[in-house]
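K.L.:
Give the three-dimensional model of this entry:
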Amino acid sequence: MQFSLATLFAAALFIIGAFAAPIERRTTAVSNVKCTSKTALDFHSTNVAILSICGGIAGKIEKCGGNPTSTTGVSGTSKFTINPVDSGATINISKGRWEQGIKAVAAICGADIPFTATFAGGASTGDVNVSLESV
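P.N.:
Below you'll find the predicted structure:
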């Protein structure tokens with residue numbers, strides 16, 4: 001019994017590890033990263049603001065709907081602003097791409113640190129400029 005449990009555990013770790021994206025790959029999702037403060041914002045406020053973009057992307061919602069030309073996500077002390085790089089483009093960033101960009105910036109600046117960056121894709125044409133600031 002112990003051998004089979006150990007084997008199952010090892011197999012589970014192998015499978016999980018196979019799907020985890022390495023940090024190097026995540027950071028290619030962003031460019032022009034500038035950490036604009038050394039002081040981290042409130043963890044809870046930032047997490048709620050992450051899910052508040054595009055009128056809310058929590059739960060089963062998988063992407064920014066409505067094709068806005070700009071959007072913000074605000075909660076407590078944290079405010080995200082997203083604008084397309086290309087003039088006339090609209091925002092259609094998926095939840096996965098958004099979270100990947102947030103993780104990539106956190107790998108560079110640290111979690112909940114204010115920043116400006118460009119996320120690859122996320123607009124009807126081209127990339128999106130993203131900022132996190134204190135409010």
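K.L.:
what bits of this structure have low per-residue confidence?
P.N.:
Scanning the chain with the threshold set as pLDDT under 70 gives 1-27.
K.L.:
now the strands for it?
P.N.:
30-35, 71-75, 78-84, 115-119, 128-134 (DSSP state E).
K.L.:
Could you export those strands as CSV, including mean neighbour count and distance to Ile57?
P.N.:
All C-beta atoms are positioned from the backbone trio N, CA, C, and that covers glycine. As requested, the strands of the chain are arranged in CSV below (neighbours: other CB atoms under 10 Å; distance: least, CB to CB, whole Å):
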stretch, mean neighbour count, distance to Ile57
strand 30-35, 15, 18
strand 71-75, 19, 9
strand 78-84, 20, 11
strand 115-119, 21, 14
strand 128-134, 20, 14
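K.L.:
out of those, nearest to Ile108?
P.N.:
Across the strands of the chain, Ile108 has its closest neighbour in strand 30-35 (5.1 Å, CB to CB).
K.L.:
what angle sits between that closest one and strand 128-134?
P.N.:
If you take axes from the mean of the first three to the mean of the last three CA atoms, to 10 degrees, strand 30-35 sits at 20 degrees to strand 128-134.
K.L.:
Strand 30-35 packs against which elements?
P.N.:
Other helices and strands packing on strand 30-35, by 3 or more CB pairs under 8 Å, 6 or more residues apart in numbering; DSSP states H and E, are helix 95-109, strand 115-119.
K.L.:
Can you give the contact residues for the longest one?
P.N.:
In other words, helix 95-109. For helix 95-109, contacts defined as CB atoms under 8 Å, 6 or more residues apart in numbering pick out 21, 23, 26-30, 33, 35, 50, 53, 57, 61-64, 112-113, 115, 117, 119-122, 130, 132.
K.L.:
Gly73 is in contact with Ser131, correct?
P.N.:
No: Ser131 lies out of contact with Gly73 (CB atoms under 8 Å); the separation is 11.0 Å.
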